[in-house]
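Colleague: Next one to model:
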Amino acid sequence: SSGINAEYGPKDNQTCLAYLSTESKSLNELLYLKEKFVSWFVGDHVLGDTQLSIGTPLDPIFMIIPYLVKNVDKYSPLAQILVDEKYPSAIHLEDLVSESELSRVADIKPSLDKIIKFNKEKTLTWLSGKVVKVASAMKECGISPGFNSTYQKKNTQSMLVGLFQIISVRLCHSIYRTGLEYNSV
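Modeller: Numbering: from 1, shown residues only. From the prediction side, this is the model:
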């Protein structure tokens, strides 16, 4: 699979190493696990004292939101919003999202250039939807996010706030704080 290795600075300028597949138009965050005195089972082999690299799917909207937030007051073409001298590969995020996907977090003017403006209410609604999906998937798999079932029944809202915290790890601080308040109501 061909692609682009890129660094992005989504959450308050923290770097995220990612791999963009040009074939499948997908984005994967690259995570590296390097522990002392650890071995990994890979197929029929045991690899000792080595680094394990994992690619996890990442919704490109999470990477685009911080750029939208920086440009919150005006409509601009997405290609212009994603210009970033520190992370030049950010421009490729535009190829990964449709206008429909962008409309979940932004207001869009009809145009060929994806002229958009950040919309906080839409973004919070979109994030809440992600939280509900994760909660449903966990429930279907019988997974409890760190709470016992009695506590879960009594305090579903606390569970949803906890899941929001997990899901929103890539958000800039201002959206994260607003989202916590939004999900606490």
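Colleague: Run through the helices of this structure in chain order.
Modeller: Read by DSSP state H, the chain holds these helices, from start to end of the chain: 60-70, 78-81, 99-102, 120-140, 149-154, 156-167, 173-184.
Colleague: Comparing these by mean pLDDT, which bottoms out?
Modeller: Mean pLDDT across those is lowest at helix 149-154; the value there is a mean of 49.
Colleague: how much space between residue 62 and residue 132?
Modeller: Counting by CB to CB, to the nearest Å, the separation of residue 62 from residue 132 is 17 Å. The way it works is simple: take the backbone N, C-alpha and C, and place the C-beta from them, glycine included.
Colleague: Settle it for me: which of these two has more neighbours?
Modeller: In terms of neighbours (other CB atoms under 10 Å), residue 62 is the more surrounded of residue 62 and residue 132; the figures are 22 against 12.
Colleague: If I look at the residue lying closest to residue 77 once chain neighbours are set aside, what pLDDT would I see?
Modeller: Excluding its sequence neighbours, the residue lying closest to residue 77 (CB to CB, 6 or more residues apart in numbering) is residue 113, at 4.2 Å. Looking at residue 113, its pLDDT is 79.
Colleague: How many residues are close by residue 113?
Modeller: The number of residues packed around residue 113, counting by other CB under 10 Å, is 11.
Colleague: for residue 43, same thing?
Modeller: Using other CB under 10 Å, residue 43 has 6 other residues around it.
Colleague: try residue 52
Modeller: For residue 52, the tally of surrounding residues (other CB under 10 Å) stands at 13.
Colleague: Next up, the contacts around it.
Modeller: Neighbouring residues of residue 52 by CB atoms under 8 Å, 6 or more residues apart in numbering: 32-34, 40.
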